Structures are given as C-alpha cells and as structure tokens.
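In: below are the sequence and a predicted model for it; my questions follow.
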Amino acid sequence: MRNTAETNNPPSSPFSVFFLPEAGKGGIITSPFDRLFPAKGRQGRSGGILVLTNSKGISVLFLIVAMLLMMTIGYVLSYLIPTKQKSVLFPIYSNQAFFIAQSGVEFAVRYAIDNCWTTTTELNDNLNGTTKNLGSGRFGLTYNFATYGDKLISVGEVPVNTERRKIVVSNFTSFLTRLAITYFNSASTPADNETNNNRYTAVTPPGSMQKGDLILMIGQARASSGTLAIYNAGGQSWTPETQQNQTNCRVRLFWCTFNGTWSANPSVDLGGNNNNTVVMHVFRPINPCSVWAVDVAQVSNNFSAPSSPYTVTISGISTNTDGALVFAAWATADDNTWGSLTGGWSTPGSAQYRNTFGQDASQTHAYKVMATAGASGNVSKNQTANGGDAGARLIIAFKET
C-alpha cells in the first residue's frame with residue numbers, strides 16, 4: 001500500500017494511463033478534463049461539478065432518457081395487456097351464466113307444463129334440485145315452497161362452479177297456466193271452395209298441437225239420409241253430439257280432448273260418396289292438464305231461407321262456468337259465403353268452408369270465450385253470396401275440468 005501521508009499525494013488517477021503521462025511524478029494531478037478541455041473545461045465547471053454546455057451532448061442525454069421512458073412504458077403495457085385479457089373473461093362468463101340461468105327458467109316452465117305439475121307440492125317434489133348441463137356451463141333449479149314460497153330460483157354457472165348468475169321468479173305457478181281459452185288452428189277437407197266426395201273423409205290435423213287441446217270436428221253431408229259417424233278415431237276418444245238433419249244438409253259435431261298423439265289422420269263416415277265436408281277446429285285450454293267437458297248441452301235446429309240481407313240468427317245460451325267456450329255453427333246446401341258476424345264473437349279458421357262438388361254445400365262457425373258465466377247473447381251471420389238458403393244450425397258450450 002502506498003503511504004499517502006508521506007507523499008502528500010492522492011492515489012494515481014485511473015485515467016493516468018491514457019491521458020496523464022506525468023502521473024506519479026508527485027504534486028497535485030491535473031484533472032483530465034483540464035487537459036482535454038483547458039478553456040471550456042475550466043469555464044464549464046462549478047464547484048467540482050461538470051456542467052455540459054454542448055447542445056449535442058444534451059440531445060444525446062434526452063435521447064437516452066426518452067429511450068428509457070419508452071422501455072418503461074413498453075414494460076408496463078406488456079404487463080397490463082395480458083392482465084386486461086384475463087379480466088375480459090369475467091363479463092363474458094357472467095353474461096353466459098345469466099343466459100344459462102334464463103334458459104333454466106324456460107326449461108322449468110316447459111318441463112312443468114309438459115308433466116302437468118301445476119301445484120306447489122308437485123313442483124317441490126319434481127322440480128327442486130334439477131340440474132342440466134348446457135354448453136360450457138350448467139343451470140340448477142330450486143323450488144322449495146317451505147323455505148322460499150312460490151318462487152323458482154335458477155342459477156347459471158360458466159364454467160361449472162365458477163361465474164354464477166341467479167334469476168328468481170316470484171309467483172311461479174302463475175306462469176304455468178294461460179289467462180283464457182284461446183283458438184289455436186283449423187284444418188278441413190276440402191279447403192274452402194274446392195271439392196270432395198269421399199265417403200270416408202279424413203282431415204290432416206294442424207301441426208304443433210298439444211296435449212289437452214280441445215278438438216271440434218264438424219262433418220257435413222249433402223244427403224237426405226244416413227248417419228254420420230267417426231270412421232278412424234286417430235287414437236282419440238271422440239264424443240258425438242246429436243246429428244242435425246235438414247233437407248240435403250246433414251250435420252254432426254264430434255269433439256275430444258287431445259291425448260298428445262295421433263295414430264292416424266281422423267276421418268268421418270259420411271254415409272256415401274256425396275258432397276262431403278269435414279272441418280276441424282282446435283282450441284287451447286288455460287291449464288294444459290285439463291280435461292274438456294260440456295258446460296251447456298248442444299241446442300240444434302233447422303232454419304228457413306232468410307230474406308235480404310239474409311241474416312241467420314242463433315239464439316244465445318247461458319254458460320255455467322267462468323271461462324267457458326261457446327261454439328256455434330251454420331250449414332246450408334249451397335255454396336254460400338258468410339259475413340257480418342255479431343260483435344264480441346270470432347270466426348275460427350276460414351270465413352266459410354264451401355264444397356263445390358255436384359250441387360254445392362257450405363258451413364261456417366263462430367266462438368266466444370265467456371270470462372264470466374252468464375248469457376252469451378244471440379249470434380248472427382249473413383249469407384253474403386248466393387243468399388236465401390235454408391239450412392241447419394247448432395250452439396254448444398265447453399269447459400275445462
């Protein structure tokens with residue numbers, strides 16, 4: 001070790017090898033900056049601190065700082081972007097879970113209706129605890145009347161056991177019934193203003209029928225004799241009403257509660273190969289698990305040829321049950337068109353069903369849903385074309401049980 005006390009000199013500068021050939025000769029060593037920049041070096045120093053006055057040097061310094069700043073920003077962004085991508089999954093899964101929970105509610109309603117579970121006990125025993133996988137998640141259903149009352153709780157999870165959304169449906173049993181009996185659809189053989197003379201006339205039922213639907217089938221034969229009867233039941237249990245006979249116009253109503261399955265297209269034996277027509281109307285109940293019954297027995301009779309404006313009126317009936325369905329029908333031995341229906345009543349299917357085979361025939365119908373039991377009021381229609389024909393008419397009411 002060098003004895004700096006004896007020489008009274010500091011250790012040699014590390015720059016002496018390159019810049020100070022006289023280093024080590026003793027005395028105070030001149031700063032390398034004084035050697036390199038004798039004038040500017042002394043002018044640019046203050047208190048031992050080098051002050052840069054060259055603008056080129058400052059630009060380089062700023063460039064270095066800017067590069068460091070950009071590197072820092074790049075590093076921060078490289079950290080934040082993957083984090084953001086991961087956080088985006090949360091709202092995606094959350095939305096998926098919500099829609100799966102909503103699907104659970106729709107499943108519960110349809111599942112309960114299809115199985116006729118309309119009471120709180122039935123729902124508690126059969127719906128509570130049901131889970132179903134759906135896509136990348138699943139839903140779970142809770143219906144516990146003792147704990148939550150009449151509430152359905154549907155919880156959606158995506159993926160399973162992670163993101164969860166819950167939907168609560170209050171008064172759940174109210175969603176399992178309709179507000180009123182509704183008209184669904186119609187079918188006929190033949191279609192309006194076409195021909196048919198098949199003795200065993202079949203009808204292709206409307207699609208998408210549901211178990212519990214009320215089916216009304218009206219057979220008409222332009223004949224002076226013969227009894228109309230079901231030929232092929234199509235897997236249903238039909239009830240025939242009293243046949244109404246008028247000269248060359250024989251009409252009979254058949255009805256049943258649809259059991260959910262057709263074994264074949266139903267058909268009616270119309271007694272001969274005459275001008276034959278079969279019309280089917282379908283009505284949907286409030287409760288799909290109901291069974292249909294007659295509320296007011298059929299009243300039928302013949303009517304004489306009306307005078308202009310050729311109005312034919314059917315006397316009303318008084319229903320016994322709230323929400324009953326009243327149905328009326330007119331039939332003639334001519335290809336009449338019909339219109340001017342009494343207000344408050346509706347026409348199911350076509351305005352009329354004309355059969356132009358041979359000497360023609362026609363029938364038309366109307367219905368009214370009675371929210372409150374009572375008088376239905378009279379119902380009228382006009383023969384708007386080829387008017388002035390006699391015929392047969394009927395009226396009847398149905399209820400759910």
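Out: Yep, that arrived. Numbering: from 1, shown residues only.

In: what residue is smack in the middle of the chain?
Out: residue 106 (8.1 Å; CA atoms, centre = their mean).

In: and the helices in the stretch 1-150 of the chain, which stretches?
Out: For the stretch 1-150 of the chain, the helices defined by DSSP state H, counting those that start in this stretch cover 4-7, 16-19, 32-36, 40-43, 55-114, 120-126, 145-148.

In: considering the ones you listed, which stretch scores lowest in mean pLDDT?
Out: Ranked by mean pLDDT, these bottom out at helix 16-19, which scores a mean of 40.

In: distance of the residue nearest to the centre of the chain from residue 99?
Out: Distance, residue 106 to residue 99, by CB to CB, to the nearest Å: 10 Å. Heads up, the C-betas are built off the backbone N, CA and C, glycines and all.

In: ok, residue 292 next?
Out: Residue 292 is 38 Å from residue 99, by CB to CB.

In: give the contact list for residue 376.
Out: Applying CB atoms under 8 Å, 6 or more residues apart in numbering to residue 376 gives the contacts 316-319, 326, 368, 370, 395, 397.

In: so which of these belong to strands?
Out: Residues of the contacts of residue 376 located in strands (DSSP state E): 326, 368, 370, 395, 397.

In: might one say that the first one is in contact with residue 367?
Out: Yes. With contact defined as CB atoms under 8 Å, residue 326 reaches residue 367; the gap is 6.4 Å.

In: residues of stretch 210-227 that come out buried?
Out: 212-223, 226 (16 or more other CB atoms under 10 Å).

In: CSV for those residues, including secondary structure, pLDDT and distance to residue 58?
Out: Shown next, in CSV, are these (DSSP: H, G, I helix; E, B strand; the rest coil; pLDDT from 0 to 100; distance: CB to CB, whole Å):
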residue, secondary structure, pLDDT, distance to residue 58
212, coil, 93, 91
213, coil, 96, 91
214, strand, 98, 95
215, strand, 98, 97
216, strand, 98, 99
217, strand, 98, 101
218, strand, 98, 103
219, strand, 98, 107
220, strand, 98, 107
221, strand, 98, 112
222, coil, 97, 112
223, coil, 96, 116
226, coil, 95, 117
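
In: what is the nearest of these to residue 359?
Out: Closest approach between the buried residues of stretch 210-227 and residue 359, by CB to CB: residue 222, at 6.6 Å.

In: tell me the backbone dihedrals of that closest one, please.
Out: phi -90, psi 80 (degrees, to the nearest 10).

In: mean confidence score for stretch 188-199?
Out: Across stretch 188-199, the average pLDDT comes to 98.

In: where in the chain is the helix or strand with the lowest mean pLDDT?
Out: Using mean pLDDT, DSSP states H and E, the weakest-scoring helix or strand in the chain turns out to be helix 16-19, at a mean of 40.

In: show me what contacts residue 250?
Out: 220-224, 226, 228, 243-244, 271, 392.

In: let's see it at 6 Å
Out: Taking CB atoms under 6 Å, 6 or more residues apart in numbering as the contact definition, residue 250 lies against 221, 223.

In: I'd like the next helix or strand past the helix or strand hosting it.
Out: Element membership for residue 250 (DSSP states H and E) is strand 249-257. Scanning forward in sequence from strand 249-257 by DSSP H and E, the next helix or strand is strand 267-269.

In: identify the residues contacting that next one?
Out: 200-202, 219, 228-229, 231-232, 278.

In: quick one: mean pLDDT for that strand?
Out: 98.

In: strands paired with that strand, and their directions?
Out: Next to strand 267-269 in the sheet, as set by DSSP bridges, lie strand 200-202 (antiparallel), strand 229-232 (antiparallel).

In: who wins for proximity to residue 343 among these?
Out: strand 200-202 (33.6 Å).

In: that older thread, export the buried residues of stretch 210-227 to TSV and tack on distance to residue 261?
Out: Shown next, in TSV, are the buried residues of stretch 210-227 (distance: CB to CB, whole Å):
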residue	distance to residue 261
212	12
213	12
214	16
215	13
216	19
217	17
218	23
219	23
220	27
221	29
222	33
223	33
226	31
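
In: surely residue 360 and residue 334 touch.
Out: Yes. Counting by CB atoms under 6 Å, residue 334 is a contact partner of residue 360 at 5.3 Å.

In: among residue 292 and residue 99, which residue is more densely surrounded?
Out: Using other CB atoms under 10 Å, the more surrounded residue of residue 292 and residue 99 is residue 292, with 23 against 16.

In: from memory the more buried one sits against residue 257, does it?
Out: Yes. In this structure, residue 292 is within contact of residue 257 by CB under 6 Å, at 4.6 Å.

In: got JSON lines for the strands paired with strand 267-269, with mean neighbour count too?
Out: Conversion of the strands paired with strand 267-269 to JSON lines gives the following (neighbours: other CB atoms under 10 Å):
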{"stretch": "strand 200-202", "mean neighbour count": "17"}
{"stretch": "strand 229-232", "mean neighbour count": "16"}
